[in-house]
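Engineer: Here is a sequence together with a model predicted from it:
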Amino acid sequence: MAGPLALALVLGLASLSFIMRATGSFLPNLPSAVTERTAGLAPALLAALVAIQLTGPHGLIQLDVKVPAVLVAAVLAALRAPFIVCVVAGALVAALLRALFHFN
Amino acid sequence: MAPKTPPSYLMAGMPAGRSTREILQAAAPIALAVFVFGASFGVLAVAAHLPAWSVVLMSVLVFAGSAQFAAIGVITAGGSVLTAIFAGALLNLRFIATGIAVARSLPGGRLLRSLLAQLSIDESYAMAARAGTPGRPDGRTLLVTGACLYAVWVAGTVIGALLGPVLGDPKRLGLDAAFPAGFVALLWPMLSGRHAVRCAIGGALAALALAPFTPPGIPLAGAAVVGLWLAR
């Protein structure tokens, strides 16, 4: 990625994140009915990101090494393995399947 | 146990609780995890062809693991810069809620408080909430833990960004699969309670339903709306 584009990405995300963390200091009286709902954002978005990465352009599951990688990571996460263990195990599964069986 | 008075002016007027040293001792295992998370972010971001300086700058200015991870994940999957900013920013919307909660516990006027609130991430907020009283997180725990985690997050990113190019072809190493694996690992601990499970399933279904018909970014926006809708 070209430098200016990368800078745009960093500054765009940084300024929005700054505003979100600063908001509380300027708007102390936002109704809790509103703020409580933001708790639903992270699970919905992370699940959506997983779904999008595992599917092709037609919304159907794409059978490549990412599928077993995610399954292994999910099992490890369910067993309360640390984040980095899940990530490394997922990458390892994908790398091994590619090296041994020449999967996509 | 006599509570020590910390020298920093930041602590003025704050209830004397645990000493800085005790807070740092409690934060140490989390700091180690954040360091490794930072290093893995650095490796993956450099593998996504971002210049190393921009990877480090992102950790310096954004300081939010899941948002940075999501933004790089979108770039790796071929999404645009706008989509990546959008995905990362949506994941950070929860900081509006935590920002409101910590604002009352922080010292100074609005400007100083808004700056100090930048030290809140999931981990420092959780520590502060545990050390404080219900509805009022402990401000000093937030600042000390947050500053410590900020330092290791940036240091970890620098190490990862330097290490990344040494590792070689990202696909051969399965680094493209590291993103969905990481998203699942971030998601799983959040799935406590009916609401969170409902939001996750709803978000995934909304994204899958929208993906074939809409440009990148819209599926994530749809998932966000469904998440807000199903949260209560």
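Structural biologist: Good, I have the coordinates.
Engineer: Could you give the number of residues near the residue lying closest to B:L187 once chain neighbours are set aside?
Structural biologist: Excluding its sequence neighbours, the residue lying closest to B:L187 (CB to CB, 6 or more residues apart in numbering or on different chains) is A:L46, at 4.0 Å. All C-beta atoms are positioned from the backbone trio N, CA, C, and that covers glycine. Neighbour count of A:L46, defined by other CB atoms under 10 Å in any protein chain shown: 30.
Engineer: residue contacts, A:L46?
Structural biologist: With contact taken as CB atoms under 8 Å, 6 or more residues apart in numbering or on different chains, A:L46 is in contact with B:66, B:70, B:91, B:183-184, B:186-187, B:190, B:200, B:203.
Engineer: Give me the three-state assignment for it.
Structural biologist: Using DSSP: H, G, I helix; E, B strand; the rest coil, the secondary structure recorded for A:L46 is helix.
Engineer: any idea how far A:V93 is from the residue most central in space within chain A?
Structural biologist: With distances taken as CA atoms, centre = their mean, A:L46 lies nearest the centre of chain A, 4.9 Å away. As defined by CB to CB, to the nearest Å, A:L46 lies at a distance of 20 Å from A:V93.
Engineer: same deal with B:M190?
Structural biologist: On the measure of CB to CB, B:M190 and A:V93 end up 23 Å apart.
Engineer: before we move on, what about B:T157?
Structural biologist: 25 Å.
Engineer: now B:F37
Structural biologist: 20 Å.
Engineer: if you count what's nearby, which of these two comes out ahead?
Structural biologist: Shown here are B:F37 and A:V93; by other CB under 10 Å, B:F37 has more neighbours (27 against 22).
Engineer: Please tell me I have it right and that one contacts A:F83.
Structural biologist: Yes - using CB atoms under 8 Å, B:F37 makes contact with A:F83 at a distance of 6.1 Å.
Engineer: Look up the pLDDT of the residue nearest the centre of chain B for me, please.
Structural biologist: Closest to where the C-alpha atoms of chain B average out (CA atoms, centre = their mean) is B:A64, at 2.9 Å. B:A64 carries a pLDDT score of 92 in this model.
Engineer: which residues touch it?
Structural biologist: A:17, B:88, B:91-92, B:95, B:121.
Engineer: hmm, try it at 10 Å
Structural biologist: A:13-14, A:17, A:20-21, B:58, B:70-71, B:88-89, B:91-92, B:94-95, B:118, B:120-122, B:153 (CB atoms under 10 Å, 6 or more residues apart in numbering or on different chains).
Engineer: so where does B:A209 fall, helix or strand?
Structural biologist: Assessed by DSSP states H and E, B:A209 sits inside helix B:194-210.
Engineer: just checking, what packs against that helix?
Structural biologist: If you count contacts as 3 or more CB pairs under 10 Å, 6 or more residues apart in numbering or on different chains; DSSP states H and E, helix B:194-210 packs onto helix A:32-37, helix A:41-54, helix B:175-187, helix B:218-230.
Engineer: and that helix, what's its mean pLDDT?
Structural biologist: 92.
Engineer: Ok, stretch A:77-90 next?
Structural biologist: Averaged across stretch A:77-90, pLDDT comes to 89.
Engineer: Provide a list of residues in contact with residue 48.
Structural biologist: In the absence of a named chain, this looks at chain A. B:70, B:87, B:90, B:183, B:200, B:202-208, B:210-211, B:219-224, B:226-227.
Engineer: please go with chain B instead
Structural biologist: A:1, A:6, B:55, B:71-77, B:84, B:164, B:170, B:175-176, B:179.
Engineer: By pLDDT, rank those residues and give me the bottom one.
Structural biologist: Lowest pLDDT among those: B:P170, with 70.
Engineer: excluding its backbone neighbours, what's nearest that one?
Structural biologist: Closest to B:P170 by CB to CB, 6+ apart is B:A47, at 3.7 Å.
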